[in-house]
Each structure stands twice: as structure tokens, then as C-alpha cells.
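**Q** coords please:
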Amino acid sequence: IVAASGVLNVASIGSVFGKKMYKARAPLSGMLALAMLAGGLGVLVLDLGRPDRLIVAMTHYNFKSIFALNMIFYNGFFAIVGLYLITLMSRNLKQYSHTMGLIAFLWRLALTTATGSIFGFLVARAGYNSALYAPMFIIYSFAYGLAAFIVVQSVMYKWNNIEVDERILCRLKNLLAVFVAASLYFTAVLHLTNLYFAKQWDFERFILTDGGIYTLLFWGGQVFLGGILPLLMIFSPGAAKNPALIFFAALLVVIGGHAQMYVTIVGGQAFPLNLFPGYSQSSSFYDGVIHPYAPSLWELMLGLGGIAIAFLITTAAVRVLKFLPEDDFKDIDLESACKH
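**A** The predicted structure follows:
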């Protein structure tokens with residue numbers, strides 16, 4: 001869901017900010033956004049156990065709940081991005097693409113803010129309850145979305161035996177580097193902020209040093225594989241002339257994003273609630289105990305199923321409609337993108 005919002009950023013740069021190189025990629029960007037959101041929401045709905053109960057959430061709104069507000073944002077995202085795609089791909093409606101692109105851009109920012117706020121508003125959890133989660137999820141979405149876009153575009157070009165121009169590749173990789181570096185910055189700020197408060201020290205020790213799989217995924221997955229290593233690959237000599245290198249760098253960012261979400265979602269809930277500050281508590285309900293967790297086969301299949309939904313939608317859409325980016329280099333100024 002976070003990446004679905006971020007992948008639309010490619011279209012926004014073209015339609016809202018007038019960058020012609022990105023305009024050619026706007027249809028693919030919008031389609032990917034819808035496909036990834038459908039896959040992400042498919043996992044959530046099926047994970048409820050009683051998907052039919054979703055009708056209750058769709059017909060009875062509690063506007064004090066950030067979860068209820070997200071229902072509105074998700075449905076609105078499908079409608080707005082769908083209309084945006086129509087204006088992009090219809091010659092008669094092309095004059096409305098800038099307006100719809102601006103609306104889609106603002107809506108996706110609101111959606112990602114609401115998704116981050118789900119964690120930020122959970123005051124009972126030591127790992128959450130921070131206003132930083134809203135802007136942090138926005139920059140995460142930029143990084144994960146652009147990385148997913150580069151991966152899909154690379155595969156599409158490979159299938160059609162098309163070589164991506166190194167100037168375009170250079171601009172995309174530089175933008176990805178900015179987003180990845182910003183993600184690392186926000187991660188550092190979040191943990192440094194938590195370390196400032198004594199009540200957060202136990203949780204920070206859990207994530208940063210004593211958390212076992214969560215510590216490993218944080219340092220090895222999120223920070224190294226999803227951050228430092230892609231930056232080293234992006235800025236290595238000759239990277240702009242090596243599409244495979246940029247492809248694997250983007251793929252590592254996606255893998256690091258999965259690690260980050262696992263640490264945030266599972267690690268944040270595995271750490272015990274502090275029900276009575278200053279006191280110790282114990283009961284048969286695992287109070288005060290770090291709860292062990294291992295995904296079952298069904299959970300793994302469900303997660304892969306969400307990726308499969310997005311993959312099938314993307315494959316079918318690319319085969320049926322004209323989503324392959326086509327660049328007109330005479331109208332694009334790329335010389336300033338890659339002086340090095």
C-alpha cells in the first residue's frame with residue numbers, strides 16, 4: 001500500500017511539475033499504483049478471516065478512527081487515479097490530465113499520511129506513538145514506489161528487447177538515491193528521538209541490539225540491503241551505463257522495504273505493552289513477555305498472493321493497453337541530469 005502510493009510519484013513529477021521525461025512514464029505509473037494497491041488491500045481483506053464483515057466498515061463510518069478514514073482514502077485513490085489514467089490515455093481529455101494529476105498527487109499524500117498515522121496514533125505501543133511516522137511513511141513511499149517502478153520498467157523493456165537510454169536511467173537512479181538517503185535519514189531521526197526519552201530505551205534496545213530477528217532485519221535488511229548497499233551500487237563508476245546494476249539496486253530497496261515493514265509491524269507488536277509504568281506484571285496472557293512470532297504457511301501464501309495479484313493485473317494491463325513508456329528525446333532535456 002505504501003509503495004502503491006509512492007509509485008504514483010513518477011506520474012506526479014510529469015503531470016504536476018511538468019517534467020517531460022516522466023510524462024512518458026505516467027500511464028505505467030498510474031496503472032502500477034492501482035495494481036499494487038489492489039494487491040495490498042487484497043491481503044488485508046483476506047487476512048480478516050471474515051472478509052464479508054468488510055461491508056460493515058464500508059457502510060458504518062467512525063470518523064474518530066484512522067482505520068475508517070483509510071477506507072475513504074483507499075476508495076478515493078482507486079477513483080481518482082482511474083480518472084487520471086483516462087485523461088492521460090484519451091486524446092480528447094488530455095487537457096484535464098494536469099488537474100487530475102494534481103488532485104491525485106494531493107490525495108496520495110493524504111493517503112500515505114493516514115497510513116503512517118495508523119502507527120503514530122497508537123499511543124499504547126512503545127514502538128509507535130510518534131508524529132514522525134506520517135512524513136516518514138511519505139518518504140518511504142517515494143523510495144519503495146520508485147524502486148518498484150524501476151524494477152517493472154526494466155522487466156518490461158527486457159521482454160520487448162528495448163534498451164533504456166542511459167540518460168533516463170541516470171536520472172531515475174539519482175532520484176532513487178535521494179529518496180533512499182532521505183529514508184535512512186528519517187529512520188535515524190526516529191530512533192534518535194526515541195533514545196532521547198527514557199521510557200523508550202527498552203524498546204530501542206530491543207530493536208537495535210537485543211531483538212534477534214528484528215535487530216537482524218533492521219540492520220541487515222532495512223539499513224544495509226535496503227539503504228547503504230543500493231546507494232553504493234547507484235554511485236559506483238559507470239552505473240548509468242549498467243541497467244542490470246540499477247535494476248538490482250532497486251530490487252534491494254524493495255527487499256529492504258519488506259524488512260522495514262516487518263520490523264515496524266511485527267517487531268512493534270511483539271514488544272510487550274507497558275500496562276503499569278513503574279511496576280512489573282505477569283499473568284497467563286504473556287504480560288510483560290516479548291511474544292514470539294513465526295509466519296505460518298498460510299500467511300506466507302497470503303503475502304505472496306498479494307504480490308501475485310499486482311503482478312497479474314500489471315501483466316494483463318501491459319498486454320492489452322499501451323503502457324510501455326515511449327520517449328521523444330527531441331523534446332526532453334536530459335543533459336543536465338548526469339554531468340558525471
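**Q** can you pull out the helices in the stretch 101-250 of the chain?
**A** For the stretch 101-250 of the chain, the helices defined by DSSP state H, counting those that start in this stretch occupy 133-159, 166-196, 201-205, 213-216, 229-234, 243-262.
**Q** quick one, the second one and helix 133-159 angle?
**A** Spelled out, that is helix 166-196. Taking axes from the mean of the first three to the mean of the last three C-alpha atoms, to 10 degrees, one finds helix 166-196 and helix 133-159 inclined to each other by 150 degrees.
**Q** so helix 166-196 versus helix 243-262, what angle?
**A** Going by the same axes, to 10 degrees, helix 166-196 makes 20 degrees with helix 243-262.
**Q** in helix 166-196, what's buried?
**A** 166-177, 179-184, 186-187, 190, 194 (16 or more other C-beta atoms under 10 Å). Heads up, the C-betas are built off the backbone N, CA and C, glycines and all.
**Q** and what of the third one?
**A** Within helix 201-205, the residues that qualify as buried are 203-204, counting by 16+ other C-beta under 10 Å.
**Q** can you list the domain ranges for the protein.
**A** For the chain, the TED database gives the domain ranges 1-121+296-326, 129-275+282-293.
**Q** got those domains as CSV, with mean pLDDT columns?
**A** Below are the domains of the chain laid out as CSV (pLDDT from 0 to 100):
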stretch, mean pLDDT
domain 1-121+296-326, 84
domain 129-275+282-293, 87
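**Q** V7 - how many residues pack around it?
**A** A count of neighbours around V7, defined by other C-beta atoms under 10 Å, yields 30.
**Q** give me phi/psi at it?
**A** With angles defined as degrees, to the nearest 10, V7 sits at phi -70, psi -20.
**Q** repeat that for R25.
**A** phi -100, psi 0.
**Q** which ones are touching it?
**A** Shown in contact with R25 (C-beta atoms under 8 Å, 6 or more residues apart in numbering): 10-11, 14, 149, 153, 325.
**Q** rerun at 10 Å
**A** By C-beta atoms under 10 Å, 6 or more residues apart in numbering, the contact set of R25 is 10-11, 13-14, 19, 32, 149, 153, 168, 172, 323-327.
**Q** from those residues, pick the one nearest G101.
**A** Taking C-beta to C-beta as the measure, G101 lies nearest A11 of the contacts of R25, at 6.5 Å.
**Q** so who does the closest one touch?
**A** A11 is in contact with 22-23, 25-33, 81, 84-85, 88, 97, 101, 104-105, 108, 149, counting by C-beta under 10 Å, 6+ apart.
**Q** that one and F186, how far apart?
**A** In this view, A11 and F186 are 23 Å apart by C-beta to C-beta, to the nearest Å.
**Q** so the closest residue to S97 other than its chain neighbours is in which element?
**A** Spatial nearest neighbour of S97, chain neighbours left out: T87 (4.2 Å); criterion: C-beta to C-beta, 6 or more residues apart in numbering. For T87, the enclosing helix or strand under DSSP states H and E is helix 66-89.
**Q** go through that helix and flag the buried ones.
**A** Result for helix 66-89 [16+ other C-beta under 10 Å]: buried residues 66, 69-70, 73-74, 77, 80-81, 83-85, 87-89.
**Q** same for that helix, what does it pack against?
**A** helix 2-7, helix 9-15, helix 26-47, helix 54-59, helix 97-120 (3 or more C-beta pairs under 10 Å, 6 or more residues apart in numbering; DSSP states H and E).
**Q** alpha carbons only: can I get the third one in PDB?
**A** If I follow you right, that is helix 26-47. Presented in PDB, the C-alpha positions along helix 26-47 are these (Å, rounded to 0.1, in the frame of the first residue of the first chain):
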ATOM      1  CA  ALA A  26       2.800   8.500 -16.200                       C
ATOM      2  CA  PRO A  27       0.400   5.800 -17.600                       C
ATOM      3  CA  LEU A  28       2.600   3.000 -16.400                       C
ATOM      4  CA  SER A  29       3.000   4.700 -13.000                       C
ATOM      5  CA  GLY A  30      -0.800   5.100 -12.600                       C
ATOM      6  CA  MET A  31      -1.500   1.600 -13.600                       C
ATOM      7  CA  LEU A  32       1.100   0.200 -11.200                       C
ATOM      8  CA  ALA A  33      -0.300   2.300  -8.400                       C
ATOM      9  CA  LEU A  34      -3.800   0.700  -8.900                       C
ATOM     10  CA  ALA A  35      -2.300  -2.800  -9.300                       C
ATOM     11  CA  MET A  36      -0.200  -2.600  -6.100                       C
ATOM     12  CA  LEU A  37      -3.000  -1.100  -4.000                       C
ATOM     13  CA  ALA A  38      -5.300  -3.900  -5.200                       C
ATOM     14  CA  GLY A  39      -2.700  -6.500  -4.200                       C
ATOM     15  CA  GLY A  40      -2.100  -4.800  -0.800                       C
ATOM     16  CA  LEU A  41      -5.800  -4.400   0.000                       C
ATOM     17  CA  GLY A  42      -6.500  -8.000  -1.200                       C
ATOM     18  CA  VAL A  43      -4.100  -9.300   1.500                       C
ATOM     19  CA  LEU A  44      -5.800  -7.100   4.200                       C
ATOM     20  CA  VAL A  45      -9.300  -8.200   3.300                       C
ATOM     21  CA  LEU A  46      -8.400 -11.900   3.100                       C
ATOM     22  CA  ASP A  47      -6.500 -11.600   6.400                       C
END
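**Q** that helix versus helix 133-159: what angle between them?
**A** Using the same axes, to 10 degrees: helix 26-47 against helix 133-159 is 120 degrees.
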